[in-house]
Structures are given as structure tokens and as C-alpha cells.
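Undergrad: have a look at this fold, sequence not included:
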């Protein structure tokens, strides 16, 4: 099982909190789409630790998927970089990238 990169810490009034920093290369687009520029925060509320861990995994998966989707749509194809265009993620285009 992979190690989770964010820490689930106990909150002062019960429950748990976590933070995930938005990588610098996707901050502009992430802010346009989701409103948060620097980091995302999770507050589970007063729940048992097992439920908090489940919520944390679900939340982290959603954030990582958002970041991956932004990176996938902003990949510039080598033949289009001179024109400033963005590449589409078609089957043929995906085979060209390494």
C-alpha cells in the first residue's frame, strides 16, 4: 500500500484535519477551476479515526485526480510548442509522449 503524502492530524475540538499543497505548475489553472490557489484543506468533523481515514483517502484521491487532469490537459506536444497550442490526449498522441 502506498504511503499517503498528507498527514491526518487531530483537530483541537475533535475530529481530524489535513492539508494538501497544490503544486506550483498547476496553481493558476487549479485556482480558475476550484477556487483554491495554494492549498486544499480537509476537516472531517467529530468522527471516529477509521471513518476519518476513509474520508481522508477519498478526499486525497479527488485532489490528486484534479491535479493529474490539469497536467494531462496542459501537456504541449513537441510539434505544437512553436505555435503555443495544447495537445489533445488522443490514443495516437499519447503514444508519442514519453
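TA: Here it is on my side, so go on. Since the structure is predicted, the reported quantities are computational estimates derived from the model, not experimental observations.

Undergrad: in terms of secondary structure, what does the strand or helix carrying residue 68 contact?
TA: In this assignment (DSSP states H and E), residue 68 forms part of helix 49-73. Judged by 3 or more CB pairs under 8 Å, 6 or more residues apart in numbering; DSSP states H and E, the packing partners of helix 49-73 are strand 16-21, helix 27-34, strand 39-43. In short, each C-beta sits where N, CA and C put it, glycine included.

Undergrad: hmm, who's touching that helix?
TA: Here helix 49-73 makes contact (CB atoms under 8 Å, 6 or more residues apart in numbering) with 4-6, 8, 15-16, 18, 20, 22-23, 25-26, 29-30, 33-34, 40, 42, 44, 47, 86, 89.

Undergrad: residue 48 is in contact with residue 15, correct?
TA: No - at 9.8 Å, residue 15 does not count as touching residue 48 under the criterion of CB atoms under 8 Å.

Undergrad: the more surrounded of these two?
TA: residue 15 (18 against 11; other CB atoms under 10 Å).

Undergrad: quick check: residue 63 vs residue 51, distance?
TA: Applying CB to CB, to the nearest Å, the value for residue 63 to residue 51 is 19 Å.

Undergrad: who has more neighbours, those two?
TA: Higher neighbour count among residue 63 and residue 51: residue 63, with 20 against 13, using other CB under 10 Å.

Undergrad: re the thing from before, return the most buried member of the helices and strands packed on helix 49-73.
TA: Ranked by mean neighbour count under mean count of other CB atoms under 10 Å, the helices and strands packed on helix 49-73 are led by strand 16-21, which reaches a mean of 16.
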